[in-house]
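Asker: model this:
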Amino acid sequence: MPERNVMTIVPKLAGPIVKVDPSMSREIYLSSKGLNASSITAGLEKRNFYPLHTKHAYEDTTDSVGDHFDFGTLGHMLCFEPGRVSTDVAIWDGGRRAGAQWSDFKDNNEGKLIVKKETFAEAMAALMPLIGLQEFRDHTASGSAEVAVFGEYNGLQLRGQVDWLSTSIPSHWDLKTSRDIRPEPFGRQFFSLHYDLKMAFYRELLRQNGLDLEEHCIAAIRNKAPWDAVLYKIPEEVLDRGWEQMKTLMDAIIECAAVDMWPGAGLGSAWGDLVIPYYAMEEQDQVDWSA
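Answerer: The predicted structure follows:
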């Protein structure tokens, strides 16, 4: 059998790229090669890893659309690059986005982030508690937003785009929204959505580029009124464990790429073992067929 590249889902390059590029646009970043943290963890469900889901996540180029996406993009801009809002955002207050008026507005604002008036007002209100925190302002006094970072693992090209890389207080920041940002509920979300693995992934790419930062932080914003915000520093032991888990997942991806086989729900087997809920076989739930 001919030797295959480490990753059929990432075409072979002259060699893995390791660099940091604060000036790289979102469009160029998205067109670049490499696995990101979200694609890798897309295959992680509970305690099982399904490489098929990771392969799909990497190859799927469908753009996110809708008010939720607009809110997130605008939120990042308001937090980290407020100076761009006046030039890069267009506010639509004409009702339903259809018809001649909408077409003209879209054409006149090509290349800008177009958001509804209501979305803009909500984003402004949601971000005010965060922007009002002196500690957050200190960390974002200088630095770069949406920084493209590239690295490698055993020949596997990796890429990421960090929300904020601070130079005022050397640190890496990620912005997250949640319905409950209190320490315990947000902690559960942090691990259930694999933020630990993703933050560890970013830390590793930054380290490969000579940026061994002491602080890796999350700015958590409540996504509904009353608006609220909390800052969290991620402990090193959490990131260490997250990176070890990431390496295990990437080793599995490398093995799948070598034979071009990507197991899904059956984990390589056509037959699965049905898991019967504990309540399904209780005596009171059984039908008396003799009646």
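
Asker: Of all residues in the chain, which one is nearest the centre?
Answerer: In the chain, the C-alpha nearest the mean C-alpha coordinate belongs to residue 38, at 5.1 Å (CA atoms, centre = their mean).

Asker: wait, it sits on residue 58?
Answerer: No. Using CB atoms under 8 Å, residue 38 is not in contact with residue 58; the gap is 9.4 Å. The way it works is simple: take the backbone N, C-alpha and C, and place the C-beta from them, glycine included.

Asker: which residues in this structure form strands?
Answerer: Ranges of strands in the chain, per DSSP state E, are 19-21, 44-45, 48-49, 89-92, 113-116, 143-153, 156-166, 171-178, 215-222, 229-233.

Asker: Report the buried residues of the last one.
Answerer: Put plainly, it is strand 229-233. 229, 230, 232 (16 or more other CB atoms under 10 Å).

Asker: Among those residues, which one lies nearest to residue 271?
Answerer: Among the buried residues of strand 229-233, residue 232 lies closest to residue 271 (CB to CB), at 43.3 Å.

Asker: I'd guessed the closest one sits against residue 217; true?
Answerer: Yes. Counting by CB under 8 Å, residue 217 is a contact partner of residue 232 at 6.4 Å.

Asker: Looking at the buried residues of strand 229-233, which is nearest residue 95?
Answerer: Distances from residue 95 to those, taken by CB to CB, are shortest for residue 229, at 31.5 Å.

Asker: show me what contacts that closest one?
Answerer: Taking CB atoms under 8 Å, 6 or more residues apart in numbering, we find residue 229 in contact with 129, 130, 132, 133, 136, 181, 219, 220, 221, 222.

Asker: 6 Å instead, please
Answerer: By CB atoms under 6 Å, 6 or more residues apart in numbering, the contact set of residue 229 is 129, 130, 221.

Asker: Which of those residues ranks first by neighbour count?
Answerer: residue 130 (23 neighbours; other CB atoms under 10 Å).

Asker: Provide a list of residues in contact with that residue.
Answerer: Applying CB under 6 Å, 6+ apart to residue 130 gives the contacts 136, 219, 221, 229.

Asker: ok, and what's touching stretch 138-158?
Answerer: Taking CB under 6 Å, 6+ apart as the rule, stretch 138-158 contacts 6, 10, 16-22, 24, 29, 33-35, 80-81, 159-162, 164-169, 171, 205, 208, 250.

Asker: what's the straight distance from one end of it to the other?
Answerer: Start-to-end span of stretch 138-158 (CA to CA, to the nearest Å) is 30 Å.

Asker: average model confidence for it?
Answerer: What stretch 138-158 shows for mean pLDDT is 95.

Asker: What residues of it count as buried?
Answerer: Neighbour counts over stretch 138-158 (16+ other CB under 10 Å) mark 139-140, 143-153, 156-158 as buried.

Asker: With stretch 222-242 instead?
Answerer: Those would be 222, 223, 227, 228, 229, 230, 232, 234, 238, 239, 242, for stretch 222-242 by 16+ other CB under 10 Å.

Asker: Show me which of the residues you listed is closest to residue 175.
Answerer: Of the buried residues of stretch 222-242, the one sitting nearest to residue 175 (CB to CB) turns out to be residue 229, at 9.9 Å.

Asker: how close does the residue nearest to the closest one when sequence neighbours are not counted sit to residue 112?
Answerer: Using CB to CB, 6 or more residues apart in numbering and skipping residues adjacent in sequence, the residue nearest residue 229 is residue 130, 3.8 Å away. From residue 130 across to residue 112, the span is 24 Å (CB to CB, to the nearest Å).
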